[in-house]
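Undergrad: Here you go, sequence then predicted model.
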Amino acid sequence: MTPRELMFYADAIVAVMTAAVVVLNRNPVVCALSLVLHLCSVAVFFLLLDASFLFAVQIILYAGAIMVLFLFVIMLLDPAGEGVVGRTGRIQVSVAIASAAVLLLGAAKLVPALAAPDQAAQPAAEFGQVMSVGRLLFTSYLFPFELASILLLVAMIGAMHMGKKGESE
Amino acid sequence: MADAVPFGSIVLVSAVLFVMGILGVMIRRSALVIFMSIELMLNAANLVFVGAARSTGSMDGQMFAFFVMAVAAAEAAVGLAIIIAIFRRRRSTDVDLMSALKW
Amino acid sequence: MIDLLIGPGVAATLVKIAVVLGVVMTVVGNIVLVERKVAGWIQDRIGPNRAGPWGLLQPLADGIKFIFKEDVIPGQAFKTLYMVAPVLSLTTALTAFAVIPFADKFVILGRQVAPIIADLDVGLLWIFAVASMGVYGIVLAGWASNNKYSLIGGLRSSAQMISYELSMTLSVVGVLMAASSLRLADIVNAQAGSVWNAVSQPIGFLVFMVSAFAETNRLPFDLPEAEPELVAGYHTEYSGIPFLMFYMAEYANVILSSSLMVLLFCGGWHLPLIEPMLDSVSPAMAGLAHLGIFSLKLGAFLFLYIWVRWTLPRFRYDQLMGLGWKVMLPLALINVVWTAFIILAGWI
């Protein structure tokens, strides 16, 4: 087993376990912290897949900014932990289990076809580095880039307006 | 960069994480935890995008994942603002209580 | 990048880690003494001089005191997070040192050595990633203490840190534009070719310095841990070794920001007067000279940190946040435009 495979398995175990804690734990603060660990494990996945820029951005943006926002909201609202499957209706549970089964069966069918390690596809040295991402962002992906910045501006204004005190409606 | 992670394994892990996200959205009642499960799903999708980028050798998958992250940031900001606004009225984040628009 | 971790140089990397950690922790221990001595001189008194000649054994005495103090855990505190928070703070503060180059590549014993633990391609982004994880140590300490002053202090401190992260990152964009690379060694070499970034981008330098002061929770921005206002803020309930870890994490962050200021804005290990002389010396001597220059500049910035702390009064919290969002952020944007102008005009 190569070191890269070993790291992949360890990381997959961490990702699945932290996701389970997010879904099952009663205390929202514990769920949020587990999600932070999960996001860091996904960042390690990106690193294993030769996406170094996305690795850094995932930690800076998701784990370092979005989850801090989540934690702030949880600590300021201080909601009481609620039961996990307390009054959940049978419809929700059956839909959840049915969709889970469908997805996992589909993935299991797909896995043998894709399981061959991609030795032939050796990427360029610049693959996933900041320079290639930057170059693409300002050439082929310029329009989505500008749209995304407008979206972030709109979201910022909207969030500030909705979060202001004195807004009871 | 001698050997790569097989794309099939990435798809399997991502499917498992996506399914856990769906379970979280379906069975939890706290709006905040539902939000976190949505983030789980978004990250599972990002994982498949980046895996596909590595497997085909094209950077498009990584660019897509980048834009998904930007949109997720915007969505988290606005969603949390909405949850705060609702909390101010109802003093609770239990989504089963927010049934005023039900038929 | 991944092959650096699991490649053939694992033993070399472990040695480098041991050296860097040893040096950083020693400096952290001694900077406590330097701070108290300089504070004494600024306040027209002597400072500690009882423990050993000129007070040189004071850090040892402080360390022994902390080890022997009882670490009290409050009754209703969230025990796991309470103990994890200081470890998280110290770990993130020290992990960021992995990408700091202390000198140029030099040849010693026939082998080329780069005095940097991990030469990542996304070098500077690693520091920002680890710094944004450092916020969690503070916010968790504040929440897990089950104390309303700690919670307020923790939330204020983390809000301050994430606000100033923005202006810090934007002020560095100018440096990145000038160097066209994220690797810190490349940034220093770009400054060696032309003028230092502190001279060509003074606004960026100023914004980075102020943001670094705010990021490390040092005066004049240390309201979240101010004794008269908030009973020590997020580390109110901590004592003994957990408190020592927070203390060390703060000084490690100070050393990290000072090294960043030296590398990004003040030419790193490069001194324009000495460079011609170093061409005629053996590479090992040149490497040592570079290391010495870097240490001198680092020492100057550490002295600046201490000097500012004991000279300026504290900002009120709303003044602090207003400064970060309404002054530093626009200034950082102006710096980006200015840097673009001087690059296109060919001045650097």
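TA: Yes, it's here.
Undergrad: Once you drop chain neighbours, what's closest to residue 51?
TA: Going with chain A. In space, and not counting its chain neighbours, residue A:51 is closest to residue A:128: 4.2 Å by Cβ to Cβ, 6 or more residues apart in numbering or on different chains. (Each C-beta comes from the backbone N, C-alpha and C, glycine too.)
Undergrad: sorry, should have said chain B
TA: Spatial nearest neighbour of residue B:51, chain neighbours left out: residue B:10 (3.6 Å); criterion: Cβ to Cβ, 6+ apart.
Undergrad: Please look at the one you found and residue A:46 and confirm they touch.
TA: No: Residue B:10 lies out of contact with residue A:46 (Cβ atoms under 8 Å); the separation is 10.8 Å.
Undergrad: quick one: common contacting residues for these two?
TA: Counting by Cβ atoms under 8 Å, 6 or more residues apart in numbering or on different chains, the shared contacts of residue B:10 and residue A:46 are residue B:47.
Undergrad: Residues contacting stretch B:78-85, please?
TA: Stretch B:78-85 is contacted from outside by A:69-70, A:73, A:77, A:155, A:158-160, A:162-163, A:167, B:31-32, B:35, B:93, using Cβ under 8 Å, 6+ apart.
Undergrad: Looking at chain A, which helix is longest?
TA: helix A:90-114 (DSSP state H).
Undergrad: Next SSE downstream of that helix?
TA: Heading C-terminal from helix A:90-114, the first helix or strand you meet, by DSSP states H and E, is helix A:130-138.
Undergrad: Give me the below-cutoff pLDDT ranges for the stretch 201-348 of chain C.
TA: Scanning the stretch 201-348 of chain C for pLDDT under 70 picks out the ranges C:226-231.
Undergrad: how about a cut-off of 80?
TA: Across the stretch 201-348 of chain C, the ranges flagged by pLDDT under 80 are C:219, C:223-235, C:274-284, C:348.
Undergrad: quick check: domain ranges of chain A?
TA: For chain A, automatic domain parsing gives the domain ranges A:1-84, A:87-124.
Undergrad: Quick one: closest of those domains to residue C:250.
TA: Shortest distance between residue C:250 and those, using Cβ to Cβ, is found for domain A:1-84: 18.9 Å.
Undergrad: returning to what we had before: tell me which of the domains of chain A is the most buried.
TA: Most buried of the domains of chain A by mean neighbour count (mean count of other Cβ atoms under 10 Å in any protein chain shown) is domain A:1-84; its value is a mean of 20.
Undergrad: what separates that one from the chain centre, distance-wise?
TA: 7 Å (Cα atoms, centre = their mean, to the nearest Å).
Undergrad: I'd like the average pLDDT over the helix or strand that residue B:18 is a member of.
TA: For residue B:18, the host element (DSSP H and E) is helix B:7-27. Helix B:7-27 shows a mean pLDDT of 89.
Undergrad: Could you do stretch A:127-134 as well?
TA: Taken as a whole, stretch A:127-134 carries a mean pLDDT of 86.
Undergrad: Could you pull out the buried residues of that stretch?
TA: In terms of neighbour count (16 or more other Cβ atoms under 10 Å in any protein chain shown), stretch A:127-134 has its buried residues at A:127-130, A:132-133.
Undergrad: tell me which helix or strand of chain A sits lowest on mean pLDDT?
TA: Sorting the helices and strands of chain A by mean pLDDT, DSSP states H and E puts helix A:90-114 at the bottom, at a mean of 77.
Undergrad: Can you confirm whether it lies near chain B?
TA: Yes: Helix A:90-114 lies within reach of chain B by Cβ under 8 Å from any Cβ of the partner chain, at A:92-93, A:95-96, A:99-100, A:103-104, A:106-108, A:110-114.
Undergrad: Which elements pack onto the strand or helix carrying residue C:207?
TA: Using DSSP H and E, residue C:207 sits within helix C:202-215. Counting contacts by 3 or more Cβ pairs under 8 Å, 6 or more residues apart in numbering or on different chains; DSSP states H and E, helix C:202-215 packs against helix C:148-179, helix C:197-200, helix C:241-265, helix C:329-344.
Undergrad: next helix or strand past the third one?
TA: Think helix C:241-265. As assigned by DSSP H and E, the chain's next helix or strand after helix C:241-265 is helix C:275-278.
Undergrad: Give the buried residues for that following helix.
TA: Buried, per 16+ other Cβ under 10 Å, within helix C:275-278: residue C:278.
Undergrad: Could you give the separation of it from the chain centroid?
TA: For helix C:275-278, the distance to the chain centre is 29 Å (Cα atoms, centre = their mean).
Undergrad: any weak-confidence spans in the chain?
TA: Because you didn't say which chain, this covers chain A. A:1-2, A:78-93, A:95-96, A:106-126, A:163-169.
Undergrad: Let me rephrase: I mean chain B.
TA: B:1-4, B:90-103.
Undergrad: Which parts of it are helices?
TA: So, for chain B - with DSSP H - the helices run B:7-27, B:31-56, B:60-90.
Undergrad: Take those and lay them out in a markdown table including mean neighbour count.
TA: A markdown table is the format used below for the helices of chain B (neighbours: other Cβ atoms under 10 Å in any protein chain shown):
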| stretch | mean neighbour count |
| --- | --- |
| helix B:7-27 | 22 |
| helix B:31-56 | 23 |
| helix B:60-90 | 19 |
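Undergrad: Could you dump those into JSON lines with distance to residue A:27 added?
TA: Below are the helices of chain B laid out as JSON lines (distance: least, Cβ to Cβ, whole Å):
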{"stretch": "helix B:7-27", "distance to residue A:27": "15"}
{"stretch": "helix B:31-56", "distance to residue A:27": "10"}
{"stretch": "helix B:60-90", "distance to residue A:27": "17"}
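Undergrad: Run a quick neighbour tally on residue C:146.
TA: Using other Cβ atoms under 10 Å in any protein chain shown, residue C:146 has 14 other residues around it.
Undergrad: Equivalent analysis for residue C:311, please.
TA: Neighbour tally, residue C:311, other Cβ under 10 Å: 10.
Undergrad: Now do the same contact list for it.
TA: residue C:42.
Undergrad: so it sits in a strand?
TA: No: applying DSSP: H, G, I helix; E, B strand; the rest coil, one finds residue C:311 to be coil, outside a strand.
Undergrad: any idea how far it lies from chain A?
TA: In this view, residue C:311 and chain A are 32 Å apart by Cβ to the nearest Cβ, to the nearest Å.
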